[in-house]
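*Asks:* fold the following for me, if possible:
(chains A, B and C)
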Amino acid sequence: MRRIREFGLLFAFACAPGVCAQAGQPSELDVLRGRVVYLDFWASWCEPCRRSFPWMQQLKRSYEAQGLTVIAVNLDRDRADAESFLRRFKPDFQIRFDPTGQWAEQFELRGMPTSIVIDRRGVVRFTHVGFRTDDGPAYTRQVEELLAEH
Amino acid sequence: MQLGPDPSSVRRRLIAASCALLSSSAARGEQGSVTDKIGRMVEDWKIQSALAYYREDGRIQAIEPVISAVRDLSDGGRLTLNFTFDSLSGSSPNGALPNHNPQTFASPSARSLAAARHLYTVAPGRLPVDPNYSDARVAGGVDWTLPLSRLTRLSVGGKFSYEDDFYSATANAGVEHDFNDKNTTVSLSVSSENDFLQPIGGAPTPRSDYALFEKGGHETKRGQGLLLGLTQVMTRNWLSEVNLSLDRFSGYLTDPYKLVSVIDGAGDPVGYVYENRPDSRTRRSVYLENRVGWTRASAGLALRYMTDTWGIHSDTAQLRLRWWNAGRDQYFEPSVRWYRQSAADFYRPWIAPNAAQETYLSADSRLAAFHALTYGLKYGIKLTDRLGGFGRGGTEFNVRLEYYQQTIQNGPAAPGALQGLDLYPSLKAVLLQIGFDY
Amino acid sequence: MRRKCILLCEVLVLCSLTVGCSSLGVKPWQRELLSRQDMQPDGNGLDDAIDDHMYFSKEASSGGRSFGGGGCGCN
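*Replies:* Sure thing, here's the model as predicted:
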């Protein structure tokens, strides 16, 4: 079962040295426990990734209070490219940086972007490869489903 | 919790606008002005436009505006529209050979050599060209890609071209499939073309005597094509591509305006005949392209080998290099292209009066053996960054200059008096293009 | 001779299609350079269309180029 491995990876990921957190964010462990996590892997050069940002922003704002955490992991090799993008869009969900692709490798990503939706017990429930705006509503419903679980 | 956007913040307005665009519900509620609405609509499309000016030394010149618009669709597909307008004028070679004496010809619209206003005279020693050549062409195309699955896409498209003596319509369809985490892509496409020709003055009876003005009506031709493509990501920096294509054309493939000089043993023209080409042509080609890229530079080499049933085979090699400045907002792109082709089996710069047994013949320099070189330089500057970072974003202004020179291989030694003349003058042309990408 | 060369090329391509190129390539998150416009198969924009029109009117060969593949590999 992917439960222990994935959740363990998440914790390790959150606590790993060298993985920067945005200043002012609450401690990783407290945030993840008992929450639904929408973990998205993106890069500034990936057009569908950029298109998914407004939708993820809306998702975060709509469901954060109900227990959703959105974490977007950037895979740009050159940090400056990611920051140039973030300066323009200033999303208010959490951003992590994985320039060497270590976590991408661990999560065995098959495409860009990839989103992994993890329920409150730490089990990976949905994996989406690619982003098309038509799929937004269906993904939102999946998140609502998981948020309804306790 | 306030979920609506704070209208005073530019960022929130941008996100709200994007959300409005992305939402599939029609209940937008946002009132935006007309300019806002147009701004959002244009924001969805990536538009490339260019204006090209082409000029041959002493021959044709052309102005050609082109525009192309691409929109990524919400299902992951893509829609592409393009439109071209061409205006040509100048002098076009009519296929006859130069001569020590002046030669008089009639323009295609003439019905006989008696109608003086349609005649033109070519000076001694000069390549015979019709100085009244003028043409306007409108062309456009649409292409729609829809995803059949995450790894497979179907494309359908069509294009048309319209000038006063030629209409063409083409339909194409293709399938693409990705393997190996999208490192390998295989594509197969087919196309079908139908052309309707209405030559000015009517289509002349092939191989008929020019002076008889035997002209008919309209003609048609068809083409079918098959293309098999393989694209392979080799490394992080290197992409490789190979395409195999097979095309078959049938119908009226002759140029209705081109002549062949009939030259006697002394080198004097005793007359002219209209050219005649076979009514079918099958062409096969292999195209190989490799592109390598780094942070501030990239290089591409494209090779093509072609062979067809008219006896023509050609080799093409094109190299492009691009360098960006440190800020990565400006680039230079020099390029060079080398081309060589062999003559068609039925290419005849002239014929002797008794060459009655030759069914197919053409003196069109496009079918001759020649080599050509193109030198080009392009400069581009990014004016604004649409989305920041890498990828297809931002507006760009660019300018490109190309110099093309075609050197025709000397044919057989001309008889008698023609020996002192340059029967195969080279063609030199310049292309200047300015472009704007949004 | 030339026809044989072209036939050989065709055979090689078909062979490589069947064998597959599974050892070559990059991970999906390593396509930053490949996603750049000048690194895409159709990345020369309108230049190719304008050049093709010029060469079509002056030479006997045309086409051969195609589309698909390469790029960011997204979606």
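*Asks:* what residue is smack in the middle of chain A?
*Replies:* The centroid of chain A falls nearest to residue A:39 when counting by CA atoms, centre = their mean (2.2 Å).
*Asks:* checking it next. Helix, strand or coil?
*Replies:* Reduced to three states with DSSP: H, G, I helix; E, B strand; the rest coil, the structure at residue A:39 is strand.
*Asks:* skipping adjacent residues, who's closest to it in space?
*Replies:* Nearest residue to residue A:39, sequence neighbours excluded (CB to CB, 6 or more residues apart in numbering or on different chains): residue A:116, at 4.5 Å. (Each C-beta comes from the backbone N, C-alpha and C, glycine too.)
*Asks:* make sure the one you found is indeed in a strand.
*Replies:* Yes. Using three-state DSSP, the assignment for residue A:116 is a strand.
*Asks:* make sure it is actually in contact with residue A:122.
*Replies:* No. Using CB atoms under 8 Å, residue A:116 is not in contact with residue A:122, being 11.5 Å away.
*Asks:* the residue nearest to residue A:39 - how many residues pack around it?
*Replies:* For residue A:116, the count of nearby residues is 22 (other CB atoms under 10 Å in any protein chain shown).
*Asks:* who does it form a beta bridge with?
*Replies:* Per DSSP bridges, the residues bridged to residue A:116 are residue A:39, residue A:127.
*Asks:* distance of it from residue B:108?
*Replies:* 69 Å (CB to CB, to the nearest Å).
*Asks:* check residue C:48 too.
*Replies:* Distance of residue C:48 to residue B:108, given as CB to CB: 32 Å.
*Asks:* bridging residues for residue B:189?
*Replies:* Assessed by DSSP bridges, residue B:189 has beta-bridge partners residue B:174, residue B:227.
*Asks:* from memory it sits against residue B:157, does it?
*Replies:* No. If you go by CB under 8 Å, residue B:189 and residue B:157 don't touch, sitting 9.2 Å apart.
*Asks:* more neighbours: the two, which one.
*Replies:* Using other CB under 10 Å as the criterion, residue B:189 and residue B:157 rank with residue B:189 on top: 22 against 18.
*Asks:* could you report the pLDDT at that one?
*Replies:* Residue B:189 is assigned 95 on the pLDDT scale.
*Asks:* do residue A:59 as well
*Replies:* Predicted confidence (pLDDT) for residue A:59: 95.
*Asks:* for it, grab phi and psi.
*Replies:* Here is the backbone geometry of residue A:59 (degrees, to the nearest 10): phi -60, psi -50.
*Asks:* same thing with residue A:51?
*Replies:* Main-chain dihedrals, residue A:51, degrees, to the nearest 10: phi -70, psi -20.
*Asks:* likewise for the one 10 residues further on?
*Replies:* Summarising the backbone geometry of residue A:61 under the convention degrees, to the nearest 10, its torsions are phi -70, psi -40.
*Asks:* low-confidence stretches in chain B?
*Replies:* Low-confidence segments of chain B (pLDDT under 70): B:1-43, B:113, B:115-116, B:356, B:385-393.
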